[in-house]
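> Could you work out the structure for the sequence below:
(one chain, ligands or ions: 1)
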Amino acid sequence: MTRIKSVRARVWNWTGPTVPPSGNFCSNASDALWDKGDAMSSFRFHQWLTCEVETEDGTIGIGNAALAPTVVKKAIDDWYAALVIGEDPFDYAYIWEKMYRRTHAWGRRGIGMTAISAIDIAIWDLMGKLTGKPVFKLLGGRTKEKIPVYYSKLYAGPVETMQAEAEAALKQGYQGFKSRFGYGPKDGMSGMRENLKRVEALREVIGYDRDLMLEAYMGWNLDYTRRMLPKLEKYEPRWLEEPVIADDIRGYAELNKGPIPISGGEHEFGLLGCAQLLQSGAVSVLQYDTNRVGGVTAAQKINAVAEAHQVPVIPHAGQMHNYHLTMANLNCPISEYFPVFDVEVGNELFYYIFDGEPVARDGYLQLDDDTPGLGISISDKHLENFEVME
Ligand SMILES: [Mg+2]
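Just a heads-up that it's a prediction; the model follows:
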């Protein structure tokens, strides 16, 4: 048996070139504050956290998180590291409960659960490396030959630009496409028309035999969404994602009674948070992110609850920790996939931090049966574009 000897959290601050954001490229929760500042500023993430958990024999498991990395690092350094050092990584369920219960008063959501997630993912990577097995083989194994992915970008912009992007993605073989709304309640009726114009333009390109997902990123409210849903129906979206803020579970549940499936969960935390979404009928598609929801240990439990509610799980953001869970669960039919691009909002950063992230081909991606752990390593190829904080 080998025990955990250290936990190293690092923040990766991107200082390299970025694509400048255009106005109205994605509605978001700060839109409600539009008349007093930059509503888009909360929609850029140019920092990431890596968490390396090392055992006495020198094996290193890698976890990561992307929410408030500098604060999560502080939480790991000051609180969580001491709770896991000295433990056997294969006691992962006990370690998880220890992290959760010892910090329960302040850590069960937000920063605390994100720190728990990063450490838990690293522990699963570690268990894979120590057993010589890929993580998905420890979770139930291969439930599909390969993972179908949907193209997740298509930020709101000029109609022709969005159509050209969809056309290019179509040629690459994707069967599903997700686009972001640029307009919300502050933009009135004319903004509604701008939103609808873009949905129609995308259907023109991809037709009606492929999936179109629509995302508001919490930038709408209940009243606005009630008015938009009937207008969107004829475009047959596979789902409408996060129309209202994450805490408005009653709002989700009301909207989800309509003909358009409502999705969400990427800002929900923990087994009981996700169970509440499911029990309330708030979502038709659950989209937790493993590096926020409580890591692989929590995600597997949530998968079981979701399956019992007949709600598919399509984790937020792609990335290896989500792909392994998707491969190992029949109730995870497809994966979100952020295509490799220059750094824009920051969703792309993990391609610059890690080696081994799979790249989609013809709308699918593959995990290797023989690569132990998650199959990623920390890259040194782009170090000149990062300021790394120890
Ligand atoms: Mg989303």
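
> Do you know the pLDDT at the residue lying closest to Arg361 once chain neighbours are set aside?
Spatial nearest neighbour of Arg361, excluding adjacent residues (CB to CB, 6 or more residues apart in numbering): Gly173 at 7.5 Å. To be clear about C-beta, it is placed using only N, CA and C from the backbone, and glycine gets the same treatment. Per-residue pLDDT puts Gly173 at 97.

> all numbers from here: first residue = 856
Sure thing, new numbering starts at 856, so read that last one as Gly1028.

> Distance check, Gly1028 against Asp1144.
25 Å (CB to CB, to the nearest Å).

> More neighbours: which of these two?
Taking other CB atoms under 10 Å, Gly1028 and Asp1144 do not tie; Asp1144 has more neighbours (25 against 12).

> Could I get the contacting residues of the more buried one?
Glu1121, Pro1170, His1171, Ala1172, Asn1177 (CB atoms under 8 Å, 6 or more residues apart in numbering).

> again, but for Trp867
So Trp867 contacts Gln902, Trp903, Leu904, Thr905, Pro924, Leu1204, Ile1208, Phe1241, Glu1242, Val1243 (CB under 8 Å, 6+ apart).

> got it, and Tyr1107?
Contacts of Tyr1107 (CB under 8 Å, 6+ apart): Pro1098, Val1099, Ile1117, Gly1119, Leu1132, Ser1135, Ala1137, Val1138.

> among those, which ones are buried?
For the contacts of Tyr1107, a burial check counting by 16 or more other CB atoms under 10 Å picks out Pro1098, Val1099, Ile1117, Gly1119, Leu1132, Ala1137, Val1138.

> so of the contacts of Asp1144, which ones are in strands?
Per DSSP state E, strands hold no members of these.

> Just among these, which is most surrounded?
For the contacts of Asp1144, neighbours tallied by other CB under 10 Å; top is Pro1170, 27 neighbours.

> Validate this expectation: Leu1095 resides in a strand.
Yes - going by DSSP: H, G, I helix; E, B strand; the rest coil, the assignment for Leu1095 places it inside a strand.

> so what's it up against?
Leu1069, Glu1070, Ala1071, Thr1080, Leu1084, Leu1087, Leu1110, Ile1115, Pro1116, Ile1117, Ser1118.

> Now with 7 Å, please.
Leu1095 is in contact with Leu1069, Ala1071, Leu1087, Ile1115, Ile1117, counting by CB atoms under 7 Å, 6 or more residues apart in numbering.

> Look up how far Leu1180 lies from the nearest residue to Glu1162 once chain neighbours are set aside.
Once flanking residues are discounted, Glu1162 sits nearest to Asn1186: 4.4 Å by CB to CB, 6+ apart. Distance, Asn1186 to Leu1180, by CB to CB: 10 Å.

> first to last residue in stretch 1237-1245, what's the distance?
End-to-end distance of stretch 1237-1245: 17 Å, with CA to CA, to the nearest Å as the criterion.

> Could I get the full set of strands for the stretch 1006-1155 of the chain?
1031-1035, 1066-1070, 1094-1096, 1117-1119, 1140-1141 (DSSP state E, counting those that start in this stretch).

> which among the contacts of Asp1144 gets closest to Arg1216?
Of all the contacts of Asp1144, Arg1216 sits closest to Asn1177, with 18.2 Å by CB to CB.

> isn't there a helix covering the residue nearest to Glu1162?
No - counting by three-state DSSP, Asn1186 is not part of a helix but coil.

> I'd like the contacts of Leu1095 written out as CSV, with distance to Lys1041 and pLDDT added.
What follows is those, written out as CSV (distance: CB to CB, whole Å; pLDDT from 0 to 100):
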residue, distance to Lys1041, pLDDT
Leu1069, 19, 98
Ala1071, 13, 97
Leu1087, 19, 98
Ile1115, 22, 98
Ile1117, 22, 98
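
> any idea which of those is the one closest to Ala1153?
Ile1117 (22.3 Å).

> what's the nearest residue to the closest one if we skip its chain neighbours?
Asn1111 (4.1 Å).

> Please report how far the one you found lies from Ile931.
Distance from Asn1111 to Ile931, by CB to CB: 36 Å.

> same check, this time on Ile966
From Ile966 to Ile931 the distance is 10 Å (CB to CB).
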